[in-house]
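Undergrad: Show me how the following folds:
(chains A and B)
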Amino acid sequence: MAPEWILFTIGVALIFGKIGDHLMERFELPGVLGEILMGMVLGNLIYFGLVNPEYLTLHSNETFEFLARLGIIFLLFLGGLDADVEMLKKTGAVATVSTVTGVIVPLALGYFGLKLMGYPSKEAFAGGVLLTATSIGITVRVMMDLGVLRSDVGIASLSASVIDDFLGIALIIFAVGTGSILGLISKMAVFFIITGLVAWYTIEKYIRFSEWLHVEKGVLGMVLALMFFFSALAEHWFDAAIEGAFMAGLVLSKLPEGKRIMEDVKAIAYGFLVPVFFVYTGAMLDLRVFTSFDALSLAAVLTTIAVVGKVVGRGLGTLIMGWSARKALQMGISSIPRTEVALVNLMVAIHGGAIPESDAPKFIAATLIFITVSVLITPPLLKWAFKEEVEAMKQGKMEKRVEAVKETKRRISILKGPRKNH
Amino acid sequence: MGDVEKALQTFYSMKLKDIMPSIPSMPIVTADSPIVDVLKLLRTRHHVWVVNNRDEMKLEGVIRYLDVLSILLPPENTKARLGNISTVFKSILGGAEKASDVMERNVMTIDENATVMDALTKMRRYKVQILAIVDENNILEGEISLRLLIDEFLRLMRVGGVQWLQNGSSSPLE
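TA: Numbering: from 1, shown residues only, chains lettered A, B, ... in the order given. Model (predicted):
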């Protein structure tokens, strides 16, 4: 492919991605959906023969494939950098237990559901992992509009959604890794000891060395080098570079220098690589796949489990911890939305071979459908689940207003009283 | 060598411990202080240090002037994506109530024996205007801010007989 058309396509992908992001934000939906949608439009212009693939090089292109992979690595690196370990330590028991059940139930339901559909164990497990992580963006927005974000359910729900991202990222190792479960757990332990403990204690010296070099963006360059080393190690051991990128971010997050370089990393990630990843992923969806019964049935099963699995799973954990059934339902519904991590896990599963190339189009279609459905149904469901609380708040406000008016009238009458005597 | 150059040479080699302000003059709150107390301080200061308690003075974090944007804006204005999620929790509407909810935990520090040149280099490298000075047990001992460094430089200029001109240049008056 001609380099000028690859460069042209990168430009097109970025412009369309950012416009898609903007359009979705205007409808108060996650911007990532817009990037995917724009990718879908561009990709299908090629699939339907409306644009020559020579000019729009979004398909079967090594450059885009690599840039998209870099996008995932940067996204997870940012996720690790942004992690607040101290805050996570303070996560309440309800959030912790409901996170665990909220991950296990959709994972198990996804696994058994896909097994029943005839998918092999590894693929079925990968399908289950796609359903584990939650996206908090839409939940935050709706809960705030309803005035319940600062309630016990709101706070627990947000904490739980942050932790289940981490679990979802970790679980993909078991889908793409080779060997026995015990072997994988041992590998994980060694990986975390090397990257975690060793880096934890030597990272400061590494940063000091980067500073000592006194070169332009020296610290940023050296930090990115660390991210790539960790990613390479994780790719080699688990076929999942994201684990390394996330771990590198997590280790760096303990240093002020790590937090300070976040803006530089964000500029590279959200200004370039991440939109390319989402547009490229959207472009992989060939709309003709929906003529296949297999794809539609997979989408229906994954969407149902994505919704039911989370509501039941997180709700169950909430009930176990002694909260009411109503709060359990609210916790469950707040965990329905999925976005980035599901897509990241999907791509890792495809690249790692857990989802074979032949099934990839079906899984891409099904994942994009359950992401879209989960994001669209959450706001009305949350409004319904919190209806009583919202009514009570309105009632409370009304009563307060009536009281205030009475009090004002009483004061006026007191003020008027002495004047009459004069 | 001109007065400005002489002043700069002295300025660069000054030890931070010689110019850092005393603890009582620094803006400090405890981790459990309400956000309102933090905002009151930020009306006149560019940052607030957060310590565990007034007796121990162990440094827990810092809240900078621009962090007020995350505190006051609703969380929906922060795109809750990977890499941005912690900011959501810093909003008052997102549930933040105390100084510890909104502070940046990992504070950039510098040794008290470091020079002004070291401080300026670090500030430029990480785009920060404030550095904490702590002992080996992370007890807050002082601070060094860009504003303080400007004051110190101007003080040196006055000592050297250099006066500022209206247009901002610093050459001596003829």
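
Undergrad: And stretch A:74-86, how far out from the chain middle?
TA: Chain-centre distance of stretch A:74-86: 12 Å, with Cα atoms, centre = their mean, to the nearest Å.

Undergrad: cool, stretch A:280-292 as well?
TA: 21 Å.

Undergrad: Establish whether that stretch and chain B are in contact.
TA: No - using Cβ under 8 Å from any Cβ of the partner chain, stretch A:280-292 stays clear of chain B, coming no nearer than 14.9 Å. For the C-beta atoms, the positions are set from N, CA and C on the backbone; glycine is no exception.

Undergrad: Okay, buried residues for that stretch please.
TA: For stretch A:280-292, a neighbour-count test (16 or more other Cβ atoms under 10 Å in any protein chain shown) marks A:280-286, A:289 as buried.

Undergrad: between those residues, which is closest to A:Gly49?
TA: Nearest to A:Gly49 out of those is A:Asp286 (Cβ to Cβ; 12.0 Å).

Undergrad: Just give me the neighbour total for residue 21.
TA: You didn't say which chain, so I picked chain A. A count of neighbours around A:Asp21, defined by other Cβ atoms under 10 Å in any protein chain shown, yields 22.

Undergrad: My question was about chain B, not that one.
TA: Residues lying near B:Pro21 (other Cβ under 10 Å) number 12.

Undergrad: Check the gap between it and B:Asp151 for me.
TA: For B:Pro21, the distance to B:Asp151 (Cβ to Cβ, to the nearest Å) stands at 10 Å.

Undergrad: Need the three-state assignment for residue 59.
TA: Just so you know, I chose chain A. Three-state call for A:His59 (DSSP: H, G, I helix; E, B strand; the rest coil): coil.

Undergrad: You answered for a different chain; I wanted chain B.
TA: Put simply, B:Leu59 is strand when judged by three-state DSSP.

Undergrad: Lowest mean pLDDT among the helices and strands of the chain, which one is it?
TA: Going with chain A. Counting by mean pLDDT, DSSP states H and E, the weakest-scoring helix or strand in chain A turns out to be helix A:85-89, with a mean of 70.

Undergrad: nope, chain B please
TA: Between all helices and strands in chain B, the lowest mean by mean pLDDT, DSSP H and E belongs to helix B:85-88, at a mean of 78.

Undergrad: which strands and helices sit next to that helix?
TA: Using 3 or more Cβ pairs under 8 Å, 6 or more residues apart in numbering or on different chains; DSSP states H and E, the elements in contact with helix B:85-88 are helix A:62-82.

Undergrad: ok, B:Ser13 - contacts?
TA: B:Ser13 is in contact with B:115-117, counting by Cβ atoms under 8 Å, 6 or more residues apart in numbering or on different chains.

Undergrad: Let's see that with 7 Å instead.
TA: B:Thr115 (Cβ atoms under 7 Å, 6 or more residues apart in numbering or on different chains).

Undergrad: What parts of chain B come near chain A?
TA: Residues of chain B lying close to chain A by Cβ under 7 Å from any Cβ of the partner chain are B:74-76, B:79-86, B:88, B:93-95, B:104-108, B:125-128.

Undergrad: before we move on, back to that, can you list the neighbours in contact with whatever helix or strand comes next after the least confident helix or strand of chain B?
TA: The first helix or strand that comes after helix B:85-88 along the chain, using DSSP states H and E, is helix B:99-102. Under the criterion Cβ under 7 Å, 6+ apart, residues B:29, B:31-33, B:35, B:38, B:50, B:60, B:63, B:67, B:71, B:89-90, B:96 lie in contact with helix B:99-102.

Undergrad: Could you look up the SS state of the residue of chain B found nearest chain A?
TA: Using Cβ to the nearest Cβ, B:Gly83 is the residue of chain B that sits closest to chain A, at 3.1 Å. State at B:Gly83, reduced to three classes by three-state DSSP: coil.

Undergrad: Isn't it up against A:Phe77?
TA: No - counting by Cβ atoms under 7 Å, B:Gly83 stays clear of A:Phe77, with 8.4 Å between them.

Undergrad: Between those two, which has more neighbouring residues?
TA: Ranked by neighbour count (other Cβ under 10 Å), B:Gly83 and A:Phe77 place A:Phe77 first, with 32 against 26.

Undergrad: what's near enough to touch the more buried one?
TA: By Cβ under 7 Å, 6+ apart, the neighbours of A:Phe77 are A:227, A:245-246, A:248-249, A:265.

Undergrad: repeat that for 8 Å
TA: So A:Phe77 contacts A:227, A:245-246, A:248-249, A:265, A:269 (Cβ under 8 Å, 6+ apart).

Undergrad: Report the rounded mean pLDDT for stretch A:411-422.
TA: For stretch A:411-422, mean pLDDT rounds to 64.

Undergrad: Please list the residues of the stretch 51-200 of chain A that sit near chain B.
TA: A:75-76, A:78-79, A:81-84, A:86-87, A:135-137, A:140-141, A:144, A:149-150, A:154-155, A:158, A:162, A:165.

Undergrad: Which among the residues you listed count as buried?
TA: Among these, those buried by neighbour count (16+ other Cβ under 10 Å) are A:75-76, A:78-79, A:81-84, A:135-137, A:140-141, A:144, A:149-150, A:154-155, A:158, A:162, A:165.

Undergrad: any idea which of the buried residues of stretch A:280-292 is closest to chain B?
TA: Closest approach between the buried residues of stretch A:280-292 and chain B, by Cβ to the nearest Cβ: A:Thr281, at 14.9 Å.

Undergrad: Go ahead and confirm that closest one touches A:Ala365.
TA: No - counting by Cβ atoms under 8 Å, no contact exists between A:Thr281 and A:Ala365, whose distance comes to 11.5 Å.

Undergrad: What segments of the stretch 301-422 of chain A are helices?
TA: Taking DSSP state H, counting those that start in this stretch to define them, one finds helices in the stretch 301-422 of chain A at A:325-334, A:340-351, A:360-385, A:387-421.

Undergrad: list the helices and strands the first one packs on?
TA: In terms of contacts (3+ Cβ pairs under 8 Å, 6+ apart), helix A:325-334 is packed against helix A:93-116, helix A:152-176, helix A:293-320, helix A:360-385.

Undergrad: of all those helices, which lies closest to A:Lys18?
TA: Closest to A:Lys18 of the helices and strands packed on helix A:325-334, according to Cβ to Cβ: helix A:360-385, at 19.2 Å.

Undergrad: Mind listing what's buried along the closest one?
TA: For helix A:360-385, the buried set under the neighbour-count rule, 16+ other Cβ under 10 Å, comprises A:360-375, A:378-379, A:381-382, A:385.

Undergrad: That helix close to chain B?
TA: No - legend: contact between helix A:360-385 and chain B by Cβ under 8 Å from any Cβ is lacking; minimum distance shown is 12.3 Å.

Undergrad: Not counting its neighbours along the chain, what's nearest residue 54?
TA: Since no chain was named, I'll use chain A. Using Cβ to Cβ, 6 or more residues apart in numbering or on different chains and skipping the chain neighbours, the partner closest in space to A:Glu54 is A:Trp5 (6.3 Å).

Undergrad: Not quite, go with chain B.
TA: Nearest non-adjacent residue to B:Arg54, counting by Cβ to Cβ, 6+ apart: B:Thr30, 6.4 Å away.

Undergrad: go on, A:Ile155?
TA: B:Gly95 (5.2 Å).

Undergrad: My guess is the one you found contacts B:Ile71. True?
TA: No - applying Cβ under 8 Å, one finds B:Gly95 not in contact with B:Ile71, separated by 11.7 Å.

Undergrad: burial of A:Gly110, as a residue count?
TA: Residues lying near A:Gly110 (other Cβ under 10 Å) number 24.

Undergrad: Look up how far chain B lies from it.
TA: From A:Gly110 across to chain B, the span is 22 Å (Cβ to the nearest Cβ, to the nearest Å).

Undergrad: State the number of residues packed around the residue lying closest to that residue once chain neighbours are set aside.
TA: Spatially, and ignoring its direct neighbours in sequence, A:Gly110 is nearest to A:Gly128 (3.2 Å; Cβ to Cβ, 6+ apart). Neighbour count of A:Gly128, defined by other Cβ under 10 Å: 28.
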